[in-house]
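*Asks:* have a look; sequence and predicted model below, questions after that.
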Amino acid sequence: MNSNADFALPVPPPLPAKLSALLGQLEALSRERPDRVLRLQGRLPCGEVFELLIYRGFSSSTTHPTAYDPDQSALAEGSEIISATLLEGPIKPGDEIELAGPAPVETFLLSQGWD
């Protein structure tokens, strides 16, 4: 007889202490899935709403300016990620295909979350 434990989903790792480390992990996972875009939404420390897209290893903000240096985080420390949505990539404006989410960002820290 099978138990429900046989079908348990993997538990995502805890969030890194630094936001830049979290974005680095998500960017690394996105390099493995060039057919996926991860959209993060949340609030900057100043209270403004942000949207960040992660695609093919890079983060790009659609709502606020970011540094030209790819080694700098696209989000300021203290920013709060409220939700993450996995999209089929590349994105076609007006014809986005949502594959998963909105969900907590931890959902996408494992490669299985990008399937």
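*Replies:* That came through, no problem. The structure presented is a predicted model; accordingly, all values stated were derived computationally and were not measured.
*Asks:* tally of neighbours for the nearest residue to L75 once chain neighbours are set aside?
*Replies:* Nearest residue to L75, sequence neighbours excluded (CB to CB, 6 or more residues apart in numbering): L19, at 5.6 Å. Any C-beta I mention is one placed from the backbone N, CA and C, and that applies to glycine too. Applying other CB atoms under 10 Å, we find 18 residues neighbouring L19.
*Asks:* residues touching P34, list them.
*Replies:* P34 makes contacts with Y55, R56, G89, as judged by CB atoms under 8 Å, 6 or more residues apart in numbering.
*Asks:* now, which of the residues you listed sits nearest A67?
*Replies:* Proximity of the contacts of P34 to A67, judged by CB to CB, is greatest for Y55, which lies at 17.9 Å.
*Asks:* and the gap between the residue nearest to L75 and E96?
*Replies:* 25 Å (CB to CB, to the nearest Å).
*Asks:* check A67 too.
*Replies:* As for A67, its distance to E96 is 27 Å (criterion: CB to CB).
*Asks:* of those two, who's got more company?
*Replies:* E96 (13 against 9).
*Asks:* show me the shaky parts of the protein.
*Replies:* Scanning the chain for pLDDT under 70 picks out 1-17.
*Asks:* gap between the residue most central in space within it and C46?
*Replies:* Nearest to the geometric centre of the chain sits L38, at 4.6 Å (CA atoms, centre = their mean). Plainly put, L38 is 23 Å away from C46 if you go by CB to CB.
*Asks:* also E88?
*Replies:* 32 Å.
*Asks:* looking at those two, which is more packed in?
*Replies:* Ranked by neighbour count (other CB under 10 Å), E88 and C46 place E88 first, with 14 against 9.
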